[in-house]
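Trainee: this is a predicted model, with the sequence first.
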Amino acid sequence: MFRINKKQRELIKAYIFLFILLFIIINWDNVSWMFNYREVGGLVYDFFAPYPDSPLLVSASEIKLPPNINAQNAAVNTAKYPYSSNSNSLEIPTINLSTALVIGENTDIPTLERDLDKGVVYYPGSVLPGQNGQIVVLGHSAPPNWPHIKHDWVFTDINNLNSGDNIVLYFNNRQYTYKVIEKSIIKKGQDVESFGLTGKNNVLTIVSCWPPGKDYQRIRVSAELVN
């Protein structure tokens, strides 16, 4: 029968320690929250004080927007918007947010859940950037000190936005800059009507749960495209 001597046991322990250390270093962005007692405390608190299923997702399939338009056939003069090497993404400098923009293909809840795990969702049926009409982007929010797991936290701080703040949308390698024009709290099931939409402009409306992580209502921030 094979026996491990003391020296071998010490070598195994050292190997395991080095493996764990290297794993933590390589994956620091994903595991750093475990070393923050506030984030761990927030996670434990919400585990024992769960919130109901998100009405954002339940009501998302009822959002009525103009029919989806194929980007290749749409009459949008993209040349007047700066070229960008960035892939589809959303940036909000005021709250130090940069996140992937997932182009939604389906409004059923399981699909939305999977898409929201990857970033914020460009809601199906939204017009294209630069077209007259409304774009709706959905994103999760989370309680204070929630660890940055997946994208549960992504719109947590949008209540800190004010009129005039920039929201930058990167779409098909073009940069579209929007300025915030309105922020409001709306009731469950209330239509996501965009403030400031005249039919002759392009308005981006970002929507999340309110208060963050509790889903009792929704927060809506509208921003108009800067031509």
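Mentor: Nice, I can see it. Residues are numbered from 1 along each chain as shown.
Trainee: now stretch 157-166, how far from the chain's geometric center?
Mentor: Centroid separation for stretch 157-166 versus its chain: 15 Å, with C-alpha atoms, centre = their mean, to the nearest Å.
Trainee: as a whole number, average confidence for that stretch?
Mentor: The average of the pLDDT scores along stretch 157-166 is 95.
Trainee: can you check stretch 132-142 too?
Mentor: For stretch 132-142, the mean per-residue pLDDT is 91.
Trainee: tell me the mean pLDDT for stretch 208-223?
Mentor: Here stretch 208-223 scores 86 as its mean pLDDT.
Trainee: so which bits of that stretch are buried?
Mentor: Within stretch 208-223, the residues scored as buried using 16 or more other C-beta atoms under 10 Å are 208-215, 217-223. In short, each C-beta sits where N, CA and C put it, glycine included.
Trainee: and for stretch 108-116?
Mentor: The neighbour-count check on stretch 108-116 (16+ other C-beta under 10 Å) flags 112, 115-116 as buried.
Trainee: hmm, back to that, from the buried residues of stretch 208-223, pick the one nearest Asp152.
Mentor: Distance to Asp152, by C-beta to C-beta, is smallest for Gly213 among those, at 7.9 Å.
Trainee: how about that closest one, nearest residue that isn't a chain neighbour?
Mentor: Nearest non-adjacent residue to Gly213, counting by C-beta to C-beta, 6 or more residues apart in numbering: Pro143, 4.0 Å away.
Trainee: number of residues surrounding that neighbour?
Mentor: Counted with other C-beta atoms under 10 Å, the neighbours of Pro143 add up to 18.
Trainee: equivalent analysis for Asn96, please.
Mentor: Using other C-beta under 10 Å, Asn96 has 8 other residues around it.
Trainee: identify the residue nearest Asn106 in space, chain neighbours excluded?
Mentor: Excluding its sequence neighbours, the residue lying closest to Asn106 (C-beta to C-beta, 6+ apart) is Pro124, at 6.7 Å.
Trainee: which residues touch that neighbour?
Mentor: 68, 104-107 (C-beta atoms under 8 Å, 6 or more residues apart in numbering).
Trainee: what about Ser141, how many neighbours?
Mentor: Residues within reach of Ser141, counting by other C-beta under 10 Å, total 25.
Trainee: quick one: it is in a strand?
Mentor: No. Ser141 is assigned coil when assessed by DSSP: H, G, I helix; E, B strand; the rest coil, not a strand.
Trainee: from now on call the first residue 53
Mentor: Happy to do that; since the first residue is 53 now, the last one works out to Ser193.
Trainee: any idea how far Ala275 is from it?
Mentor: Relative to Ala275, Ser193 is positioned 18 Å away (C-beta to C-beta, to the nearest Å).
Trainee: pull the longest strand seen in the chain out as CSV, backbone CA atoms only.
Mentor: Across the chain, the strand with the greatest residue count (assigned by DSSP state E) is strand 226-238. Extracted in CSV, the C-alpha atoms of strand 226-238 (Å, rounded to 0.1, in the frame of the first residue of the first chain):
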residue,chain,number,x,y,z
ARG,A,226,-20.6,53.8,-34.3
GLN,A,227,-20.7,56.0,-31.2
TYR,A,228,-24.0,57.7,-30.3
THR,A,229,-24.0,60.2,-27.4
TYR,A,230,-27.2,60.9,-25.5
LYS,A,231,-27.9,63.6,-22.8
VAL,A,232,-30.2,62.8,-19.9
ILE,A,233,-33.5,64.8,-20.1
GLU,A,234,-35.6,63.0,-17.5
LYS,A,235,-35.6,60.6,-14.6
SER,A,236,-38.7,59.1,-12.9
ILE,A,237,-40.0,56.3,-10.8
ILE,A,238,-42.9,54.4,-12.4
